[in-house]
Every structure is written in structure tokens, then in C-alpha cells.
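J.: sequence first, predicted coordinates after that:
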Amino acid sequence: MPKTLWKMVIGVLLEPMFLMLLVAGGLYLALDDQAEAAFLLSFVFVVIGITLAHERKTLRALESLREL
């Protein structure tokens, strides 16, 4: 059964490295350093987006192979 988009998002967000980077971005915000927080969090969200795109592409490829 294919994963839904929400399950993939939750799976990516629960990875330890992403959690650590999100916490670091939150700490920058708490320490009132908006520039560093924006820089870090923007790249974290870009990497999360790329990861989700690759995971969806992989799932589609696996589904195509199953059909063969």
C-alpha cells in the first residue's frame, strides 16, 4: 500500500537530524537572532522538500516495477 504524503512528511520530520536542525532554528529565534534562524530554517525546509520529492519519485518507480 503506498504511503500518503502526510505519512512521508511526518517520517521526514521525525528523523533525528531534521529534529536537531529545527530545534537549533528555534533556539536562534529564542535568542532573538532572526537572520541566523531564517537562514538555517530556510535551508532545512529546502532539504525537506527535496527529500520528499525523492521519496515520492522512488515510490512511483517501485509501483511501476510492481506492475511489470
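T.: Great, that's in hand.
J.: for stretch 24-34, which outside residues touch it?
T.: With contacts defined as C-beta atoms under 8 Å, 6 or more residues apart in numbering, stretch 24-34 is touched by 36-37, 40-41, 44. Any C-beta I mention is one placed from the backbone N, CA and C, and that applies to glycine too.
J.: what subset of those is buried?
T.: 37, 40-41, 44 (16 or more other C-beta atoms under 10 Å).
J.: turn these into JSON lines, columns for pLDDT.
T.: What follows is those, written out as JSON lines (pLDDT from 0 to 100):
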{"residue": "37", "pLDDT": "92"}
{"residue": "40", "pLDDT": "93"}
{"residue": "41", "pLDDT": "91"}
{"residue": "44", "pLDDT": "91"}
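J.: low-confidence ranges, this protein, go.
T.: For the chain, applying pLDDT under 70 flags the ranges 1-2.
J.: the helices in it, which residues?
T.: In the chain, the segments counted as helices under DSSP state H are 5-13, 16-30, 34-67.
J.: cool, thanks, signing off.
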